[in-house]
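K.L.:
Mind folding the following:
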Amino acid sequence: MNVDQFDFELPTELIAQSPLTDRASSRLLMMNRSSGEIEHGQFHTITQHLNPGDTLVLNDTRVIPARLFGVKRDTGAKVELLLLKNIDEDRWEALVRPGKKLHTDAVIDFGLGDEGKPDLIAIIESEGEMGARIIRFEYEGIFVEILERLGHMPLPPYIKEQLQEKERYQTVYAKHNGSAAAPTAGLHFTQALLQEIANQGVQIAYVTLHVGLGTFRPVSVDKVEEHHMHEEFYQMSQATADLLNETRRVGGKVIAVGTTSCRTLESIATKYDGVFQACEGWTDIFIYPGYTFKIVDVLLTNFHLPKSTLVMLVSAFAGTAHIQQAYQEAIDERYRFFSFGDAMLLY
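P.N.:
Got it, this is the predicted structure:
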């Protein structure tokens, strides 16, 4: 299967540069994935497609200020780090720039004070593919507090505008620190809308998947089957497992909010043959056309980059031809695309 099948032309002006004032006022394209029929509405009209007994599954990961700017100790050259995942204690996998000049044993200083003493020191332990490095941090104090002080929100490179409020790149239910990017389909929900959904008799469940390189790593091969996903960490509580098992028992629908929730659910359903239980682990599941979904009945998602693994996932869920149709209609109707853009419901 050729990667070019998932390409499309997007006018630059349709890339949303900032979030809307009211999260739930974004637009919503709703597609019946069997017939291809399309409706348009505002995001809050999602309630029309939710029914008592259904379960809405949200990814409650929280984005950390994962972008750090420092200097290489021996040369004073400027360095940028993007933290991807916490391996253990003070060791992280990160992307580095400029990669060609940052090799094993290099030392990087962050937050240099008046006396030249850094607040945070990074030592490169080993080198990986795609510019990845394993880094060990040294510091005094609490790492999360240092990161909050020195770090920047890791907005995607296609967003050129400065984000005025850090919390606008977090979902309103973000809880567990660890992501290098937001699960953007969830950015549309407000607490009021979630309460309205709960009042309808729809259950709300949470999983955690810390978004890392696996979600936004570009596809650099020509054949889809040759791409390998990077591992990302997930967790499911017993309460969520019980709720999902009961939903399936009574015939309710499982609605995944975002590709990250979808990948988490499908990973666990594959591991345990469709019966959920409390668990945690790492997943490198790659969903593309030909995949048979085991648990997700409805998918809420944003509009994704051309030739990305996320476009491949939604094409697997709704059919490549239907997704091409939906994306073209969204372009024709001047929908806003990508992280701060509008949403699509596939049911």
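K.L.:
where does the stretch 101-250 of the chain have low pLDDT?
P.N.:
Applying pLDDT under 70 to the stretch 101-250 of the chain flags residues 114, 214, 216.
K.L.:
try 50 this time
P.N.:
For the stretch 101-250 of the chain, not a single residue meets the criterion pLDDT under 50.
K.L.:
Do a quick rundown of the helices in it.
P.N.:
For the stretch 101-250 of the chain, the helices defined by DSSP state H, counting those that start in this stretch cover 143-150, 191-199, 213-216, 238-250.
K.L.:
which element follows the longest one toward the C-terminus?
P.N.:
Towards the C-terminus, the helix or strand next in line after helix 238-250, according to DSSP states H and E, is strand 254-257.
K.L.:
So what's the gap between whatever helix or strand comes next after that next one and the chain middle?
P.N.:
Counting by DSSP H and E, the next helix or strand C-terminal to strand 254-257 is helix 258-271. When distances are taken as C-alpha atoms, centre = their mean, to the nearest Å, helix 258-271 is centred 13 Å away from the chain's centroid.
K.L.:
and helix 258-271, average pLDDT?
P.N.:
Average pLDDT, helix 258-271: 98.
K.L.:
Contacts for it next, please.
P.N.:
The set of residues external to helix 258-271 that reach it, using C-beta atoms under 8 Å, 6 or more residues apart in numbering, is 57-59, 61, 183-186, 207-209, 211, 215, 232, 234, 236, 244, 254, 256, 276, 279, 281, 283, 285, 287, 293-296, 299-302, 304, 310, 313-314, 317. (Glycine included, C-beta is placed from N, CA and C.)
K.L.:
Those residues, buried ones only, as a ChimeraX selection?
P.N.:
Buried members of these, defined by 16 or more other C-beta atoms under 10 Å, are picked up in ChimeraX with:
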select :57,58,59,61,183,184,185,186,207,208,209,211,215,232,234,236,244,254,256,276,283,285,287,293,295,296,299,300,301,302,304,310,313,314,317
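K.L.:
among the contacts of helix 258-271, which are in strands?
P.N.:
Among the contacts of helix 258-271, the members found in strands (DSSP state E) are 57-59, 61, 207-209, 232, 234, 236, 254, 256, 279, 281, 283, 299-302.
K.L.:
Given the host helix or strand of residue 28, what are its sheet partners and their directions?
P.N.:
For residue 28, the host element (DSSP H and E) is strand 27-31. Strand 27-31 pairs in its sheet with strand 38-42 (antiparallel), strand 343-346 (parallel), by DSSP bridges.
K.L.:
Thanks a lot, catch you later.
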